[in-house]
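>>> no FASTA, just this:
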């Protein structure tokens, strides 16, 4: 069967959407952020291994024109197309599905967080044929393809229409053993097109598991996180340490990769036993000092013993959610951490030689100007603590997506500025919640910590070689692009 896995070309005011593998959608001027779509990449690999003919077409990342994108699809002439979507581009996606139906004789399937919460809506507003409900849509698209080819009954989690009626079909079953998933076919998925400014080159993306594992409080349940609620049902799974390290070794030996980024929601570092076993595997397979690992992480997982071991393994950068400098906000968000715990975890990681990328959010309805100042000061404090090349931050407007606990709270409290169906407003170009602060000003101010004289001075003093200079150059370009976003 001929199957196309597609990210269509969407632009807004010359900006490209950050869609693939992004929990928080936005359009951006930055050309340095091209995140690899890991689940879609696995889907392409699984389909190819099963004998299907696969086109992996990321028109956003390849910066294709509309004409180039359409020609590639027409030349391939797929029998089935899979699109990933999110709320801010849902209505555009509906129109695109209908257009594809006009120019191609293809069945079309949708996947993603929003359609996992509300599949019916897309059936009612477009000519979509199937919707994969849940996060393991790589397994879902494989089952759908095999069922269509063999004319078998559709599996659980695949919604469809029959004689004009929407057939509800549950949630995609959770894959229990992630070791059964094949290593991603990096040529098929055009790995060289992807990367971010803060990664050593050449770099690749990898997943240690699926779902956010917690620190002291169990798996992540943050009220703003649509993936954890829509895709993973607030659960977390990890690959075995051996399977994870085998993948690293393959990437290191076959592609000479210098760094991987583990884009699992909290990496695998929340499981201390897992970290210990990864170290043993790395040592046994002679991988220590041969590849860097950067990763998402929760601050409350980062005690000194764990960080020392992570440093030995090769962990270099940790992407950590600070979100707010106020404990009241962290509690409402069900973050499961206090600002004191976050600060201590970040400082511990930095003391043990790792660098940190902090993520922050502004625009909470209950926060005052003084509250957002505390977020700014906490971010600045951590950015200026033991600063080295690679320390950085991100700041965005809080964007509760429909059906998340935070969105439901906003509806209950009357915080929403726009109609609940104005999905296109959820693109982080404006606040959608009533707020007492100027969100654009504060986002830009927090981003501008990168230009603080002490931060610049400490960063420059940490330069050791040509590779460090290249990292700084890419980082500066990325920050300039982001500052243009506000």
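Cool, got the structure. None of the values given here were measured: they were computed from a predicted structure. Numbering: from 1, shown residues only.
>>> Make sure residue 26 is actually in contact with residue 428.
Yes: counting by CB atoms under 8 Å, residue 428 is a contact partner of residue 26 at 4.1 Å. Glycine gets a C-beta too; all of them are placed from N, C-alpha and C.
>>> Find the residues that touch each one of those two.
Common contacts of residue 26 and residue 428, defined by CB atoms under 8 Å, 6 or more residues apart in numbering, comprise residue 396.
>>> Tell me which of those two has more neighbours.
Per other CB atoms under 10 Å, whichever of residue 26 and residue 428 has more neighbours is residue 428, with 24 against 21.
>>> so what's the backbone phi/psi at the more buried one?
Backbone torsions for residue 428, taken as degrees, to the nearest 10, come to phi 70, psi 20.
>>> Could you count how many residues lie near residue 134?
For residue 134, using other CB under 10 Å, the count is 22.
>>> Could you do residue 310 as well?
Neighbourhood size, residue 310 [other CB under 10 Å]: 26.
>>> again, but for residue 246
Using other CB under 10 Å, the number of residues around residue 246 comes to 17.
>>> give the contact list for the residue nearest to residue 90 when sequence neighbours are not counted.
In this structure, residue 90 finds its nearest non-sequential neighbour in residue 423, 5.0 Å apart by CB to CB, 6 or more residues apart in numbering. With contact taken as CB under 8 Å, 6+ apart, residue 423 is in contact with 87-88, 90-91, 114, 402.
>>> Buried residues in stretch 47-62, which are they?
Neighbour-count burial for stretch 47-62 flags 47-48, 52, 54-61 (criterion: 16 or more other CB atoms under 10 Å).
>>> now that stretch: how far from the chain's centre is it?
What separates the centre of stretch 47-62 from the centre of its chain is 20 Å, taken as CA atoms, centre = their mean, to the nearest Å.
>>> Run through who's touching it.
1-10, 16-17, 19-20, 34, 37, 40-41, 44, 68-69, 72-73, 76, 78, 141-142, 145-146, 182, 185, 188-190, 193-194.
>>> 6 Å instead?
Identification of contacts with stretch 47-62 by CB atoms under 6 Å, 6 or more residues apart in numbering yields 1-9, 16, 34, 44, 69, 72, 76, 142, 145, 182, 188-189, 193.
>>> can you tell me the distance between the two ends of that stretch?
22 Å (CA to CA, to the nearest Å).
>>> pLDDT at residue 486, what is it?
pLDDT for residue 486: 59.
>>> do the same with residue 429
Here, the pLDDT recorded for residue 429 equals 86.
>>> With residue 114 as the reference, measure out to it.
18 Å (CB to CB, to the nearest Å).
>>> between the two, who's got more neighbours?
Counted by other CB under 10 Å, residue 429 and residue 114 do not tie: residue 114 has more neighbours, with 25 against 17.
>>> What helix or strand is that one located in?
helix 113-117 (DSSP states H and E).
>>> what's in contact with that helix?
86-87, 90, 122, 131, 133-134, 226-227, 230-231, 403.
>>> same question for that helix, mean pLDDT?
97.
>>> Same question for stretch 446-458.
Averaging pLDDT along stretch 446-458 yields 95.
>>> end-to-end on that stretch?
Terminal-residue distance, stretch 446-458 (CA to CA): 18 Å.
>>> same question, stretch 234-242
25 Å.
>>> what's the spacing between residue 265 and residue 125?
In this view, residue 265 and residue 125 are 30 Å apart by CB to CB.
>>> And the two? Which one has more around it.
It is residue 265, of residue 265 and residue 125, that has more neighbours when counted by other CB under 10 Å, with 27 against 15.
>>> quick revisit: could you flag which of the contacts of stretch 47-62 are buried?
Those of the contacts of stretch 47-62 that meet the buried threshold are 1, 3-9, 16, 34, 44, 69, 72, 76, 142, 145, 188-189, by 16+ other CB under 10 Å.
>>> circling back: in JSON lines, list the contacts of residue 423 along with secondary structure and distance to residue 392.
Formatted as JSON lines, the contacts of residue 423 follow (DSSP: H, G, I helix; E, B strand; the rest coil; distance: CB to CB, whole Å):
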{"residue": "87", "secondary structure": "helix", "distance to residue 392": "27"}
{"residue": "88", "secondary structure": "helix", "distance to residue 392": "25"}
{"residue": "90", "secondary structure": "helix", "distance to residue 392": "31"}
{"residue": "91", "secondary structure": "helix", "distance to residue 392": "33"}
{"residue": "114", "secondary structure": "helix", "distance to residue 392": "29"}
{"residue": "402", "secondary structure": "coil", "distance to residue 392": "30"}
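>>> Those residues: which two are farthest apart?
91 and 402 (12.9 Å; CB to CB).
>>> Check the gap between the nearest residue to residue 130 once chain neighbours are set aside and residue 285 for me.
Sequence neighbours aside, residue 109 is the residue nearest to residue 130 in space, at 4.0 Å (criterion: CB to CB, 6+ apart). To residue 285, residue 109 is 38 Å away according to CB to CB.
>>> swap in residue 387?
In terms of CB to CB, residue 387 sits 33 Å off from residue 285.
>>> Quick check on those two: which one has the bigger neighbour count.
Per other CB under 10 Å, whichever of residue 387 and residue 285 has more neighbours is residue 387, with 22 against 15.
>>> Could you list the buried residues of stretch 394-413?
Buried positions in stretch 394-413, judged by neighbour count with 16+ other CB under 10 Å: 394-407, 410.
>>> can you check stretch 459-476 too?
Neighbour-count burial for stretch 459-476 [16+ other CB under 10 Å]: 459, 462, 468, 471-472, 474-475.
>>> what's the farthest-apart pair in those residues?
462 and 474, at 15.9 Å, using CB to CB across the buried residues of stretch 459-476.
>>> element containing residue 3, please.
Applying DSSP H and E, one finds residue 3 within strand 2-7.
>>> Which other helices and strands does that strand contact?
helix 38-49, strand 53-58, strand 80-84 (3 or more CB pairs under 6 Å, 6 or more residues apart in numbering; DSSP states H and E).
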